[in-house]
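> please work out how this folds:
(one chain, ligands or ions: 1)
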Amino acid sequence: MMRAAGRTRPTIEVIAPGIRFVQTSLVNWTVLSGDGTLTLIDAGYPSDLARVSRVLDDVGGELTTVLVTHGHSDHIGAIRGLLAEWPDAAVMASADELPNVTREVTYQVGVGDLLPSLWRPSVLAWTARAIAAGGLADVGVPDPRPIEPGRERRFSGHRVVPLPTPGHTPGHLMFWLPDHGVLISGDGIVTGHPTSREHGPHVLAPMFNHDDARAHASMAEVLDELPVAVMLPGHGPSLRLG
Ligand SMILES: [Zn+2]
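Prediction:
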């Protein structure tokens, strides 16, 4: 029997000290901790707010930063709720993605894009669950800040490099943690999705991508250039490559 979104417990995996990968059946997020602060990378659906908050409370520390791979409702959905609890937390995304994060524009699959595929039971079931989880809710985040692509920064004691990886959305970022060979790949590279039987690193189906060819090129560039030991995708399980 299908369980309602938000009821199931997420799986929490400690990837390295201070790096936790949180996986649900619909979407994943990552928590960095260190220096007494917390950095959240992506934030699930609106219905994930309680689960995101619980993980942050369990790890302990002050949420100072939310890094956004891209502005889709299953990645920024809980941010407004989190800001009510942590009003000083900075939300950061690439400059090219900011209009999608504030929802001035929406580069996201809509019901109309899905219509040709709704005859497939997996797509129909996923669509119903995504809508139940708040996939069509207004999730715009006020005042996100741009983060400079390619420039290493330190968040919660971890070195983090934002990698411009357009395709899934125009301003999609992956986040590279060189000290542990960890690639937080967002929806630029996934390892599974409820609508697909594909496993291993891959790009989402074309209907989900703003520019499908660019998405494939971004994936190839990143995997060619970086010694990835562990991939933490937006959808599907973590993957050890090293
Ligand atoms: Zn997405």
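
> got the CA coordinates for the worst-scoring helix or strand of the chain on mean pLDDT in PDB?
Scoring the helices and strands of the chain by mean pLDDT, DSSP states H and E places helix 111-114 at the bottom, with a mean of 72. Below are the C-alpha coordinates for helix 111-114, written out as PDB (Å, rounded to 0.1, in the frame of the first residue of the first chain):
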ATOM      1  CA  VAL A 111       1.000  18.900 -15.200                       C
ATOM      2  CA  GLY A 112       0.800  19.800 -18.900                       C
ATOM      3  CA  ASP A 113       4.300  18.500 -19.500                       C
ATOM      4  CA  LEU A 114       3.300  15.200 -17.800                       C
END
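
> which other residues reach it?
Val123, Thr127, Leu136, Met207 (C-beta atoms under 8 Å, 6 or more residues apart in numbering). (Each C-beta comes from the backbone N, C-alpha and C, glycine too.)

> to the chain's geometric centre, what's the distance from that helix?
Computed by C-alpha atoms, centre = their mean, to the nearest Å, the separation of helix 111-114 from the middle of its chain amounts to 21 Å.

> still on that earlier bit, out of the contacts of helix 111-114, which sit inside helices?
Val123, Thr127 (DSSP state H).

> from the contacts of helix 111-114, which single one is nearest Val91?
Leu136 (21.1 Å; C-beta to C-beta).

> quick one: residues contacting the closest residue to that closest one other than its chain neighbours.
Excluding the flanking residues, the one nearest Leu136 by C-beta to C-beta, 6 or more residues apart in numbering is Ser73, at 7.4 Å. By C-beta under 8 Å, 6+ apart, the contact set of Ser73 is Tyr45, Pro46, Gln108, Gly134, Gly135, Leu136, Ala137, Val139.

> by neighbour count, which of these wins?
Tyr45 (28 neighbours; other C-beta atoms under 10 Å).

> list the buried ones in stretch 77-88?
By 16 or more other C-beta atoms under 10 Å, the buried positions in stretch 77-88 come out as Gly77, Ala78, Ile79, Arg80, Gly81, Leu82, Leu83, Trp86.

> per-residue confidence, the fifth one, what does it come out as?
According to the prediction, Gly81 has pLDDT 96.

> which helix or strand contains the closest residue to it other than its chain neighbours?
Of all residues not flanking Gly81 in the chain, Leu49 sits nearest, at 4.0 Å (C-beta to C-beta, 6+ apart). Secondary structure assignment for Leu49, by DSSP states H and E: helix 49-59.

> partner strands of the following helix or strand past that helix, parallel or antiparallel?
For helix 49-59, the succeeding helix or strand toward the C-terminus, using DSSP H and E, is strand 62-67. Partner strands and pairing direction for strand 62-67 (DSSP bridges) are strand 37-41 (parallel), strand 90-93 (parallel).

> contact partners of the helix holding Leu49?
Residues outside helix 49-59 that contact it (C-beta under 8 Å, 6+ apart): 6, 9-10, 12, 20, 22, 24, 29, 31, 33, 38, 40, 43-44, 63, 77-78, 81-82, 85.
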